[in-house]
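>>> Predicted model, plus sequence, below.
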Amino acid sequence: TFSVQDAFHDLQFSLQDLACGVEVNQGINAAVSHCLENVRLAVREALKDGGSYKLLVTGHSFGGGCAMLLRLHTLISNSWGPIISRLTNVDVVTFGAPLVIGSHDLVGGGKSIVATLHKECRCYVHQGDVVPRLLGSKSG
């Protein structure tokens, strides 16, 4: 948490439904959505040389939640398709990240998206850390 805005996002524990059928932490999703296009453009720029690359997205605490939701957005957004198809692998590693996926009754596409996240993501949590156990509830 580096700014007042980050603290605001940290404290938004309500869940938000995405069009793909997945519930996510609203505050962290707002932070990711704010920078998503800049990240996409940076990755596209890095791939201009035509080489073969793996992408590792990582973060600690709030940054780990952002890493997980960034990967989620790359799976559900058409604008990421051409970029992701040029990568040989995408991995996410988080350390002490809060829970960011809230759906328990997934159907259809949401179920396969979350299955992909579980396959690609490694989440490390210290047994005494309470942050990874925080998610919140739906508002409204």
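Looks like it arrived, so ask away. Predicted model only: the values in this text are computed from it and were never measured.

>>> Using PDB, write out the CA atom coordinates for stretch 67-78.
This file holds the C-alpha atoms of stretch 67-78, laid out as PDB (Å, rounded to 0.1, in the frame of the first residue of the first chain):
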ATOM      1  CA  ALA A  67      -1.500 -10.200  -9.900                       C
ATOM      2  CA  MET A  68      -4.300 -12.800  -9.700                       C
ATOM      3  CA  LEU A  69      -6.900 -10.400 -11.100                       C
ATOM      4  CA  LEU A  70      -4.600  -9.200 -13.800                       C
ATOM      5  CA  ARG A  71      -4.300 -12.900 -15.000                       C
ATOM      6  CA  LEU A  72      -8.100 -13.200 -14.700                       C
ATOM      7  CA  HIS A  73      -8.600 -10.200 -17.000                       C
ATOM      8  CA  THR A  74      -6.100 -11.600 -19.500                       C
ATOM      9  CA  LEU A  75      -8.300 -14.700 -19.700                       C
ATOM     10  CA  ILE A  76     -11.600 -12.900 -20.200                       C
ATOM     11  CA  SER A  77     -10.600  -9.900 -22.300                       C
ATOM     12  CA  ASN A  78     -10.500 -10.200 -26.100                       C
END
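
>>> Could you give me the buried positions within the longest helix that the chain contains?
Across the chain, the longest stretch assigned as helix under DSSP state H is helix 26-46. If you call a residue buried by 16 or more other C-beta atoms under 10 Å, then helix 26-46 has these buried ones: 26-32, 36, 39-40, 43. (C-beta placed from N, C-alpha, C; glycine too.)

>>> Ok, stretch 114-126 next?
Across stretch 114-126, burial judged by 16+ other C-beta under 10 Å covers 114, 117, 120-121, 123.

>>> Filter those residues down to just the ones in strands.
Per DSSP state E, strands hold the following members of the buried residues of stretch 114-126: 121, 123.

>>> Before I go, just wanted to say thanks for your time.
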